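*Asks:* Quick one, what's the 3D model for this:
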Amino acid sequence: MVLAAMHLSDPKSTADRTLLLSDELLLRIFSKHPDSQRNANSLVCKRWLSLQGRLVPTLKVLDWNFILSARLTHRFPNLTHVNLVPAAFSSPKNSSIVLSHRLVSMHVDSASLFGHHNLLPPQAVDAGLKTLAAGCPNLRSLAVAGASEAGLFTVGAECATLQELELQRCDDAVLRGVAACRNLQIVRLVGCVKGFYESVVSDIGLTILAQGCRRLVKLELVGCEGSFDGVKAIGQCCVMLEELVVVEHRMDDGWLAGVSFCENLKTLRIQSCRVIDGNPGLEEHLGCCETLERLHLHKCQLRDRNSVAALFSVCRNAREIVLQDCWGLDDGTFSLAVICRRVKLFYVEGCSLLTTEGLESVIESWKELECLRVVSCKNIKDSDISPALATLFSTLKELKWRPDTKYLFPSDAGIIMGKKGGKFFKRI
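*Replies:* Next comes the predicted model:
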């Protein structure tokens with residue numbers, strides 16, 4: 001690197017020629033360097049270390065003391081996206097055992113029982129949030145676990161530009177503090193993660209959130225409780241809401257009817273839910289989400305035909321339907337999707353009970369269908385394609401047809417399963 005060479009080329013010289021360059025000019029030069037070069041730049045001298053820290057906008061914090069000591073904000077004064085979740089768990093030092101979840105990852109020892117005691121106390125979390133808010137007033141995105149109402153009030157008061165917030169181990173009381181963050185557009189609430197922590201987000205918390213954050217565009221509820229009243233409050237107050245994500249929900253029966261009150265909702269994603277809605281009620285009470293364009297289901301159990309019928313009824317205007325790795329999706333359950341007459345894109349993957357006949361019986365009624373993608377559905381077979389289905393394929397703008405993934409590989413080629421230390425396993 002030219003600057004590093006200029007700085008170190010003459011070991012006998014005590015003059016630092018980079019002092020002739022202003023901080024602003026050095027920052028412009030540093031900003032042009034690839035990320036791989038930035039760590040090396042920060043090792044040259046204290047000045048370069050400080051300047052390099054100004055160029056870091058995103059950081060995942062692993063040590064809570066780094067926040068409390070104010071070294072974080074001193075070292076990285078221009079942070080806009082901060083993830084504090086890993087640091088909020090007190091983990092044993094030098095442990096080689098890692099407990100990992102899709103949302104949380106932490107070190108544990110063999111004698112510890114992971115749970116609430118692994119989380120820092122709310123007072124410590126709030127103190128860290130106060131230090132962070134004072135040092136990074138331009139914060140735009142924050143992820144934190146175990147905060148209290150007071151800590152979030154501090155963030156809301158100091159960081160007026162905060163637009164995205166993820167709260168883990170969140171409950172109804174904490175959400176009173178979220179109301180102070182008036183400009184939030186994206187919120188992710190994590191109430192319960194089995195094996196790590198359990199907290200409750202109910203209709204009370206959803207109503208508090210709805211009344212305090214009226215500019216929401218995207219809301220994700222993970223392990224949250226609630227019912228029709230909470231979802232309805234979100235729909236009525238957050239009129240700009242365009243995307244709703246529900247993951248591993250613990251919602252009461254009847255919550256699905258509240259979705260129809262989200263008048264501008266365009267995307268509904270449901271993930272890892274054992275039951276969509278245990279008792280959705282009568283179809284005439286469900287309503288319809290008129291603006292909905294996308295319905296995505298991922299790793300959901302679709303064995304309950306009543307709940308699936310209610311879901312398709314609420315989302316009958318969807319133009320895009322994606323079903324991935326959903327259990328229980330047989331021909332009878334899938335036939336309920338005929339109510340969705342405006343589908344243009346349909347993607348199904350990993351649904352082994354669905355057959356070619358069941359697929360054809362539905363998509364032939366979708367007169368606006370343009371794109372079809374079928375992947376890893378073992379009971380959908382080429383040999384069962386009828387002349388009518390073949391004709392339908394010829395009219396599509398896009399067709400991805402790989403119901404049996406074995407066709408991805410040549411029949412005479414080996415597939416490497418794993419390799420380590422020169423030894424490998426091979427399936428022929």
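*Asks:* CA atoms for contacts and neighbours, from now on please.
*Replies:* Fine.
*Asks:* who are the neighbours in contact with residue 146?
*Replies:* 88, 119, 120, 121, 122, 125, 167, 168, 169, 170 (Cα atoms under 8 Å, 6 or more residues apart in numbering).
*Asks:* now, among those, which is nearest to residue 207?
*Replies:* residue 170 (14.4 Å; Cα to Cα).
*Asks:* Three-state assignment for that closest one, please.
*Replies:* Of the three states, residue 170 takes coil under DSSP: H, G, I helix; E, B strand; the rest coil.
*Asks:* was I right about it contacting residue 202?
*Replies:* No - using Cα atoms under 8 Å, residue 170 makes no contact with residue 202, being 10.5 Å away.
*Asks:* Comparing those two, which residue is more hemmed in?
*Replies:* Legend: neighbour count by other Cα atoms under 10 Å for residue 170 and residue 202, higher for residue 170 (26 against 20).
*Asks:* quick one: the more buried one from residue 332, how far?
*Replies:* 39 Å (Cα to Cα, to the nearest Å).
*Asks:* Lowest-confidence one in the contacts of residue 146?
*Replies:* Lowest model confidence among the contacts of residue 146 falls on residue 119, which carries 83.
*Asks:* confidence score at the nearest residue to residue 193 once chain neighbours are set aside?
*Replies:* Closest residue to residue 193 apart from its sequence neighbours, by Cα to Cα, 6 or more residues apart in numbering: residue 223 at 6.7 Å. In the predicted model, residue 223 carries a pLDDT score of 93.
*Asks:* residue contacts, residue 223?
*Replies:* 190, 191, 192, 193, 247, 248, 249, 250.
*Asks:* Only the buried residues of the longest helix seen in the chain, if you could.
*Replies:* Looking across the chain with DSSP state H, the single longest helix is helix 122-135. Buried residues in helix 122-135, counted by 16 or more other Cα atoms under 10 Å: 122, 124-135.
*Asks:* got it, and stretch 364-380?
*Replies:* Buried-residue list, stretch 364-380, by 16+ other Cα under 10 Å: 365-366, 369-380.
*Asks:* Any chance of these in TSV with pLDDT, secondary structure and distance to residue 62 as columns?
*Replies:* As requested, these are exported to TSV (pLDDT from 0 to 100; DSSP: H, G, I helix; E, B strand; the rest coil; distance: Cα to Cα, whole Å):
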residue	pLDDT	secondary structure	distance to residue 62
365	95	coil	53
366	96	coil	50
369	97	coil	48
370	96	coil	47
371	97	strand	44
372	97	strand	44
373	96	strand	41
374	96	strand	41
375	95	strand	39
376	94	coil	39
377	95	coil	41
378	92	coil	44
379	94	coil	47
380	95	coil	47
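*Asks:* Make CSV from the residues you listed and add distance to residue 352 to it.
*Replies:* Formatted as CSV, the buried residues of stretch 364-380 follow (distance: Cα to Cα, whole Å):
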residue, distance to residue 352
365, 22
366, 22
369, 22
370, 23
371, 21
372, 17
373, 15
374, 11
375, 10
376, 8
377, 5
378, 5
379, 6
380, 8
